[in-house]
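**Q** A predicted structure for the sequence below; I have some questions about it.
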Amino acid sequence: MQRFVLVLLSVVLCSGCFRATTTITVKQDGSGTIDQEVGASAGALAMLRNFSGSNGGQKPDADVKLFGPEQAQAAAAAMNVRFVSGEPFKTAEGEGYRAHFAFDDVSKVQLNVRQNAPAAMGAEAEKGEPPFVFGFVKKDGSSVLTIKTPVDQKAAPGMLPKVPGAGTPEENAQMMAMVMPMLRGLFVDVTLAVDGRVIKTNAPFVNGSQVTLLQFDLDKVTATEGALQKLQQATDPRTLKDVPGIKMVTDPLITIEFGR
């Protein structure tokens, strides 16, 4: 099954500073919306366009987009939702795209972590990767949402991928030290928001009506001594629960009961 941190770091090793946020809002009747925002720094986009260009990167591909209408339409089809609207944005820190989706039945929605990663990075969700799978039951006075999570409790050793070209652990450590400056600013967040108040849940990260399913802030990870090494050596995501900058649900099934 999918290993969250491996996925995220494999994306960023190709992209530089990358930020992606997904907010899933579920209403009392099981319908709702998904808002996704994907962005990157100007430097990261330049690297991506050079990487995607012809002649070994000598001629940058200026048409490469981090995320846009075509990618949003493809993401909608993969998630089994409707693409409602979208808009590009540009700030002093970088640029990207915001997309708004809608659905009538959350139990038909499937969400892969890689779905908001740019196809140009080679980070599309692979065939067979398990998504978040949702279930919904309407009760008297409340609604119950279940989320089957794609957490692999028996992941192979090394949740942080080795840097290409590295051989021994010492060489890998040296290579990681070289590339880490390019990864500053990496932030990925998947949050679920319910329309109402949370009555009962086994989710570990709850803030009012919002439940964090996954959050990865590499700057916070690297600010803690030994955290990066712990991340790279982890074989079980539950061992990372106390690492600053990492939040991920590790129960295979999350239940959220909510109401007015």
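**A** Structure's in. What do you need? Numbering: from 1, shown residues only.

**Q** Under the pLDDT cut-off, which ranges of the stretch 101-250 of the chain? List them.
**A** Along the stretch 101-250 of the chain, segments meeting pLDDT under 70 span 113-130, 151-184, 232.

**Q** What ranges does it have for its strands?
**A** 110-111, 132-139, 142-148, 187-194, 197-201, 206-207, 210-217, 246-248 (DSSP state E, counting those that start in this stretch).

**Q** Residue 21: which of those is closest?
**A** Among the strands of the stretch 101-250 of the chain, strand 187-194 comes nearest to residue 21, with 4.6 Å by C-beta to C-beta. Yep, even glycine has a C-beta here, placed from its N, CA and C like the rest.

**Q** Throw the strands of the stretch 101-250 of the chain into JSON lines and include distance to residue 99 and mean neighbour count, thanks.
**A** Shown next, in JSON lines, are the strands of the stretch 101-250 of the chain (distance: least, C-beta to C-beta, whole Å; neighbours: other C-beta atoms under 10 Å):
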{"stretch": "strand 110-111", "distance to residue 99": "13", "mean neighbour count": "20"}
{"stretch": "strand 132-139", "distance to residue 99": "17", "mean neighbour count": "16"}
{"stretch": "strand 142-148", "distance to residue 99": "21", "mean neighbour count": "19"}
{"stretch": "strand 187-194", "distance to residue 99": "14", "mean neighbour count": "21"}
{"stretch": "strand 197-201", "distance to residue 99": "26", "mean neighbour count": "15"}
{"stretch": "strand 206-207", "distance to residue 99": "24", "mean neighbour count": "12"}
{"stretch": "strand 210-217", "distance to residue 99": "18", "mean neighbour count": "20"}
{"stretch": "strand 246-248", "distance to residue 99": "23", "mean neighbour count": "21"}
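
**Q** List just the one of the ones you listed that sits closest to residue 254.
**A** strand 142-148 (4.3 Å).

**Q** what about the strands of the stretch 101-250 of the chain, which gets the closest to residue 35?
**A** With C-beta to C-beta as the yardstick, what comes closest out of those is strand 187-194 (9.6 Å).

**Q** Just want the angle from that closest one to strand 132-139.
**A** 20 degrees (axes from the mean of the first three to the mean of the last three C-alpha atoms, to 10 degrees).

**Q** from now on call the first residue 43
**A** All set: I'll call the first residue 43, so the last point we hit is now strand 229-236.

**Q** and strand 229-236, which strands flank it?
**A** strand 60-68 (parallel), strand 252-259 (antiparallel) (DSSP bridges).
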